[in-house]
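>>> How does the following fold in three dimensions:
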Amino acid sequence: MKRYLLGLLMVISVFNALDRVALGIVLEDIKNALHATDTQLGFLTGIAFAFFYSIAGIPIARWADRGNRVSIISITAALWSIAVALCGAAGSFLQLLLIRIGVAVGESGCIPPTHSLLAEYFPRSERARATAIFMLSTPLALSVGYLASGWLNQAFGWRLTFVILALPGLVLALLAWFTLVEPRAVQRSAKANVCNPGSATSQPSVREVCVTLWTNTAFRHLVVCYSVWAFFGWGILQWQPAFFIRSHDVQTGELGTWFAGIYGLAGGLGVYLGGAWASRYAARNERLQLRVCGAAFVFFALLTAAAHIAPNRYAAFGLLALASLGGNVSQGPILGTIQTLVPPRMRAMSIALMYLFSNLIGAGLGPLAVGTLSDRLYPWLGEESLRWALVILCPGYFWAAWHLWRASRTVLQDMRGAQTEEEAKSASEALWRVHEQRPPQFNEV
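Residues are numbered from 1 along each chain as shown. Predicted coordinates:
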């Protein structure tokens, strides 16, 4: 059951991010069709989307920490799919902006309940691997998004591309609704009169969650790391297609094919290898996991900068492939560590708060910063202004690596409180299962 859940949630997450990837590919066509500037497009892909994505994620995560996470995932998947399809009907920049806000609200409901479910199905020793497998959705979204949107845009235009990419999300929403099981629903339906884990602990207040997470030193550094990573990562990633179109004269179909291999194959391999390594060689040593991730960030920064100053497209694509492989090894260990670092009752909120800051600071301001910097450099550099705007952002990954090192210094100490609560929860569930004579199908932590 848990393997099926992991696989389906991964596929849902692929389509959760697919439209953002497609938006990068069709950005130049949207600019020409709606007569937008680079700054406007940076605002559209950045802060306008990230603000509503982040703010909506908090009440949804609050709901997910006490409600039916499967229902939340299904409803929000249907919502974002409908909104993505409507993007193709936008007749002006303002209309597209308002529709993207609807997409943001829908997509914000997927990630927090998903991570909470995964942490409940998979124990600590398996969590980094399971999280890494789930995070394969990111390179898969990049691969499928670049490949599909590149050729669909070239064949049918950007409007119909959004409609086609939205349809699978509706099917996945129905599949999740009818085939996934929420462990809390099973527990509450059982008429146990002792040690019912559904009532063993009360839902903490928002203030209690914030205070608990703020006093966790390692969690604070991981949130800052993820925010910095998102700022430079999304800023660079969102504008890379436009860079190759402008500086290397690559068509969207060819570009989508190259990016599918770079971010799908190389990036996916990096995600898997990072999670597999952490689960096999550092399963209960999060300190080592974070330090290895920090070292990977350093090499990632150097390779990404080299890719943007490479003399031709083939050298640039090769360097980006190496950077994608190295940079993505951190996905599973970082997110798996966060779920082990916080108490079970706060897992969805911890992810929502992390995404609040990483999206507002990172995904919100990163693309806007690149677009604005490109416009400012244009009078001196012309069409090469975007190239150097991207290069200027690359050293920022050193900053993220520093916070990983700082988090590694206290992570084992900071997770002791969360592990105590998790062990108590596990013991309570074991006693409940014995009383009900039920097999341990769901809560295995």
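>>> Now for the protein, the helix or strand with the poorest mean pLDDT.
helix 416-436 (a mean of 49; mean pLDDT, DSSP states H and E).
>>> Nearest residue to Asn68 in space, ignoring adjacent ones along the chain?
Leaving aside its sequence neighbours, Asn68 sits nearest to Glu182 (Cβ to Cβ, 6 or more residues apart in numbering; 4.8 Å). Every C-beta, even on glycine, is put in place using the N, C-alpha and C of the backbone.
>>> how about the one you found, phi and psi?
Dihedral angles of Glu182 (phi, psi; degrees, to the nearest 10) stand at phi -90, psi 120.
>>> Run through who's touching stretch 250-260.
The contact list for stretch 250-260, computed with Cβ atoms under 8 Å, 6 or more residues apart in numbering, reads 25-26, 29, 142-144, 146-151, 153-154, 240-241, 244-245, 313, 317.
>>> So for stretch 270-280, what gets flagged as buried?
Neighbour-count burial for stretch 270-280, counted by 16 or more other Cβ atoms under 10 Å, picks out Gly270, Val271, Tyr272, Leu273, Gly274, Gly275, Ala276, Trp277, Ala278, Ser279.
>>> what's the distance between it and the middle of its chain?
17 Å (Cα atoms, centre = their mean, to the nearest Å).
>>> and if you look at stretch 232-246?
Worked out by Cα atoms, centre = their mean, stretch 232-246 lies 18 Å from the chain centre.
>>> what does stretch 242-254 give?
For stretch 242-254, the distance to the chain centre is 26 Å (Cα atoms, centre = their mean).
>>> With stretch 268-282 instead?
For stretch 268-282, the distance to the chain centre is 17 Å (Cα atoms, centre = their mean).
>>> Rounded mean pLDDT for that stretch, please.
Stretch 268-282 carries an average pLDDT of 87.
>>> Quick check: mean pLDDT of stretch 395-409?
Averaging pLDDT along stretch 395-409 yields 94.
>>> For that stretch, list the C-alpha coordinates in PDB.
Written as PDB, here are the backbone C-alpha positions of stretch 395-409 (Å, rounded to 0.1, in the frame of the first residue of the first chain):
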ATOM      1  CA  PRO A 395      27.600  32.500  -6.300                       C
ATOM      2  CA  GLY A 396      24.500  32.700  -4.100                       C
ATOM      3  CA  TYR A 397      24.600  28.900  -3.700                       C
ATOM      4  CA  PHE A 398      27.600  29.300  -1.400                       C
ATOM      5  CA  TRP A 399      25.300  31.100   1.000                       C
ATOM      6  CA  ALA A 400      22.900  28.100   1.100                       C
ATOM      7  CA  ALA A 401      25.800  25.700   1.600                       C
ATOM      8  CA  TRP A 402      26.900  27.700   4.700                       C
ATOM      9  CA  HIS A 403      23.500  27.300   6.300                       C
ATOM     10  CA  LEU A 404      23.600  23.500   5.700                       C
ATOM     11  CA  TRP A 405      26.900  23.400   7.500                       C
ATOM     12  CA  ARG A 406      25.500  25.400  10.400                       C
ATOM     13  CA  ALA A 407      22.400  23.100  10.600                       C
ATOM     14  CA  SER A 408      24.600  20.000  10.700                       C
ATOM     15  CA  ARG A 409      26.300  21.200  13.900                       C
END
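>>> Show residues contacting that stretch.
217-219, 221-222, 224-226, 228-229, 231-232, 286-288, 290-291, 293-295, 297-298, 300-301, 304-305, 327, 330, 334.
>>> Tell me the buried residues in it?
In stretch 395-409, the ones that count as buried by 16+ other Cβ under 10 Å are 396-408.
>>> One more: stretch 156-167?
Trp158, Arg159, Thr161, Phe162, Val163, Ile164, Leu165, Ala166.
>>> The third one reaches Asn153, doesn't it?
Same thing as Thr161. Yes - the pair Thr161 / Asn153 is scored as a contact, 4.9 Å apart, by Cβ atoms under 8 Å.
>>> Between the two, which contacts overlap?
Ala22, Val26.
>>> Against Arg69, how distant is the residue most central in space within the chain?
Nearest to the geometric centre of the chain sits Thr138, at 6.7 Å (Cα atoms, centre = their mean). As judged by Cβ to Cβ, to the nearest Å, Thr138 and Arg69 stand 20 Å apart.
>>> mind listing what's buried in the helix or strand hosting Ala155?
Counting by DSSP states H and E, the element that carries Ala155 is helix 137-156. For helix 137-156, the neighbour count (16+ other Cβ under 10 Å) marks 137-154 as buried.
>>> Quick one: mean pLDDT over it.
The average pLDDT for helix 137-156 rounds to 84.
>>> again with stretch 295-312
Average pLDDT, stretch 295-312: 93.
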